[in-house]
Structure formats: C-alpha cells, structure tokens
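# model the structure of this input:
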Amino acid sequence: MLYLIALPLGLILSLFLTPMARALAIKYSFLDVPDGRRYHGAAVPLLGGLAFTVSVVVTWLLTHLVAGIPLETAEVLIGSGFLLSFFLGIYDDKNGMKARWKLLGQFICGLVLVAGCYVAGWMEPRALFPLLVVWVVAIMNAMNFLDNMDGIASGVTGLASLTFLFLLALHGQWVGVIIAGATCGASLGFLKFNFSPARIFLGDAGSLPMGYLLSALSITAAESASIDAMVPPLIVLGYPVFDITFVTVVRIKERRRFYQGGKDHSSHRLAALSLSTRKTALVIYALCLTLGAIALMVDGLQDSALSFSMLGMLFVCFVFLGLRLEKVGSNAPPQELATK
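The predicted structure is shown next:
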C-alpha cells in the first residue's frame, strides 16, 4: 500500500514547484506570446512542464525509497525516455523545431519506452514492437494537440492516470501504480494554476511528457497483449485519440497542414457552442470520467463480447460527435489555408 503515497506526494510537490516555475519563467521571459493561432490573448508564463517533470521524477524516486524497493532496469529506461521527451519539448518551446525533427525525437522516445516495457516483461509479442512505438508517438502528439485551452491537457492527464492507477492496482502492477500516482498527483497539482484563467502553461515540455507517461501506462495496463486487456486502456484514452483524429481529418479535408496549430480543435468547437472556457473544460472532464468508469467496468467483467460491443458503441458515439462538431464554425487562422 506504500506505493499509493505517490499520488499525494506528486500533488504536494506540484503545488509547491509550479509557482516557482512560473516565477522563473517570468524572470527569464520564458513566455507564450499570442500569435493569432492561440486561444489566449496575452503572454502567459511557460515552464509548467518543468514543474510537472520534476514533480514526477522526485515522486517516482521517493516512493521507491519509502517502499524500500530498488528501481528496475525497465524503469530506468522508461524514465530516460521521459526526460528525453521533456528536453525535446523545452527545446521546441524555446527555439522552435521543424516537424520532422520533432517527430524523430518522439520516435526515439517511443523506442526507449517500448524497449523498457519489453525488458520489464510487460509485453511479449515481438511483432507488436513497431506498432507500440507508433502508439507512443500518437499519444504524445494527441496530448500535444490537447494543450490548446486552459486546463484541458493537465485535467485529462490527471483523470486518465487516475483511472490507470485503479486498473493497475487491481492487477497488482505496482510499478505502474507508482508511475500513475506520480502522474496523477503532478497533473492535478499543476491544474490548480492552469485552470481558467491559466497563470502558467505547460508548453511542449509538459504536454509531450504527459503523453509519454499516458502511453506508458496504457501499455502497462494492457500487459497480456490480449484483445480483452487492450480494450480498457484504449477506452481510457478515448478522448485524446478522438481529438487528434478529428482535427487531422478536418484539416486534411480543408486542405490545411494537419501539424500546424489552430483554434479548430474539439475543445474550441465546444466553446463555440456558447460554452465558457471553464465549462468546456468541465464537459471534457465529465467525458473522461465517464470513459474511465466504462473502462473499469469492462476490465472488471472480463467479457469479450461486452468489450467489443462497448468499443463499437463508443466509436459510433465519437463519429457522431465529430460530425456534429464539424458543423460548428472553425476559428482556424486564414494563413493555414492551403492553396491549390
């Protein structure tokens, strides 16, 4: 049970470190300045990712120390990839990075993470290795995409990792419980300062590590690699997967570059339905909580027919949601429109 201290410890550390990161960002002018593609209208301090990353790493190590168990080789690998995702993000925040180099860095993070999962024995079928690397890159980008409005990425990460904590605890996967607890606590602590009106932003230095950890938790939760085991993690991450799929499809249909930012995400379109930024975030939190409850139910019942039925039903629901949101006016910047 000592593993469970990771959540409150991560929460306390994040609450303590985030104001320090904000002050540091202001001192060194590490700010997110509006450029027409952002949802905010004034410069906001970055370096939220620094507070999140330090909180997770310190919590991870302290929990092992308190529990009296050594770090596993797999954790060292996974932790290395986590730090790499942070440095990749903070470099992009400060200097900018071409999409292809950023993608290459994400693939390296994915390789390190998946290698760690195989070393730990969490995954056995070697044929899945490349697919899992692609999955890691997809979730990293999905969380990067979700960091588009106050409180969205941090709130989704906190709720998803909380669900993973329950899933992993039920299956006695205590290393995963530590990671989930640290992620959840650090995310929710940061959310106090990131909820609308946000006083600090994550930046890529926060959204990429968040996506990295969520993909790690999803692989850990799908330990057996059976279809039944893979369905709950997929449901937990249903909203991030939906948002990146929705945005990519719409931008391609509108002949725009899918990797460039814009105010045309599902969250922006929900806000366009006369919802405030806060109410939009709360609607998304409710959706994530619902998906988490469904994932726990599916995992508990262990019924293949139910798993596939629920997955199919959610897919149809997300398709209808996407079709409805597509009709809502997009606020994409005109310079993103591609010419023939």
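
# by mean pLDDT, flag the weakest helix or strand of the chain.
The helix or strand with the lowest mean pLDDT-type score in the chain, counting by mean pLDDT, DSSP states H and E, is strand 31-32 (a mean of 86).

# same for that one, what does it pack against?
Where contact means 3 or more CB pairs under 8 Å, 6 or more residues apart in numbering; DSSP states H and E, strand 31-32 is packed against strand 44-45. From N, CA and C alone the C-beta is placed, and that goes for glycine too.

# pull up the pairing partners for the strand it packs on, direction included.
The strands that strand 44-45 pairs with in its sheet are strand 31-32 (antiparallel) (by DSSP bridges).

# what separates the strand it pairs with from the chain centre, distance-wise?
Relative to the mean C-alpha coordinate of its chain, strand 31-32 is positioned 21 Å out (CA atoms, centre = their mean, to the nearest Å).

# now stretch 164-182
With CA atoms, centre = their mean as the basis, the distance from the averaged C-alpha position of stretch 164-182 to the chain average is 17 Å.

# one more: stretch 230-245?
Relative to the chain's own centre, stretch 230-245 is displaced by 11 Å; criterion: CA atoms, centre = their mean.

# tell me which residues of it come out buried.
Neighbour counts over stretch 230-245 (16 or more other CB atoms under 10 Å) mark 230-245 as buried.

# gap between the two ends of that stretch?
End-to-end span of stretch 230-245 (CA to CA, to the nearest Å): 19 Å.

# circling back: just the closest of the buried residues of stretch 230-245 to residue 97, please.
The shortest separation between residue 97 and any of the buried residues of stretch 230-245 is 18.7 Å, and it belongs to residue 244 (by CB to CB).

# give me the distance between that closest one and residue 251.
Plainly put, residue 244 is 11 Å away from residue 251 if you go by CB to CB, to the nearest Å.

# which one of the buried residues of stretch 230-245 is nearest to residue 182?
If you rank the buried residues of stretch 230-245 by distance to residue 182 using CB to CB, residue 236 comes first, at 17.1 Å.

# where does the stretch 201-340 of the chain have low pLDDT?
Scanning the stretch 201-340 of the chain with the threshold set as pLDDT under 70 gives 224-226, 259-261, 329-340.

# ok, residue 84 - contacts?
Residues counted as contacts of residue 84 (CB atoms under 8 Å, 6 or more residues apart in numbering) are 105, 108-109, 112.

# where does it fall, secondary structure wise?
Element membership of residue 84, judged by DSSP states H and E, is helix 73-95.

# could you give the average pLDDT over that helix?
The average of the pLDDT scores along helix 73-95 is 94.

# using CSV, lay out the contacts of residue 84 together with neighbour count.
Listed next are these as CSV, based on neighbours: other CB atoms under 10 Å:
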residue, neighbour count
105, 21
108, 16
109, 27
112, 22
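
# name the nearest residue to residue 198, sequence neighbours excluded.
residue 150 (4.1 Å; CB to CB, 6 or more residues apart in numbering).

# in what helix or strand does that neighbour lie?
Judged by DSSP H and E, residue 150 forms part of no helix or strand.

# for it, give its distance to residue 48.
Distance, residue 150 to residue 48, by CB to CB: 11 Å.

# who's more crowded, those two?
For residue 150 and residue 48, the more surrounded residue by other CB atoms under 10 Å is residue 48, and the numbers stand at 31 against 24.

# just checking, that one touches residue 203?
Yes: under the criterion of CB atoms under 8 Å, residue 48 makes contact with residue 203 at 6.4 Å.

# figure out how far stretch 288-295 is from the centre of its chain.
16 Å.

# what is the neighbour count of the nearest residue to residue 17 once chain neighbours are set aside?
Using CB to CB, 6+ apart and skipping residues adjacent in sequence, the residue nearest residue 17 is residue 51, 4.2 Å away. Other residues within reach of residue 51 by the criterion other CB under 10 Å amount to 29.

# same question for residue 302.
Residue 302: 10 surrounding residues under other CB under 10 Å.

# hmm, residue 227 and it touching each other?
No: here residue 302 does not reach residue 227: they are 11.5 Å apart, not a contact under CB under 8 Å.

# OK, contacts around residue 157?
The neighbourhood of residue 157, defined by CB under 8 Å, 6+ apart, consists of 143, 183-184, 187, 210, 213-214.

# which of the residues you listed sits closest to residue 5?
Nearest to residue 5 out of the contacts of residue 157 is residue 184 (CB to CB; 12.3 Å).

# quickly find the element holding the closest one.
Element membership of residue 184, judged by DSSP H and E, is helix 174-194.
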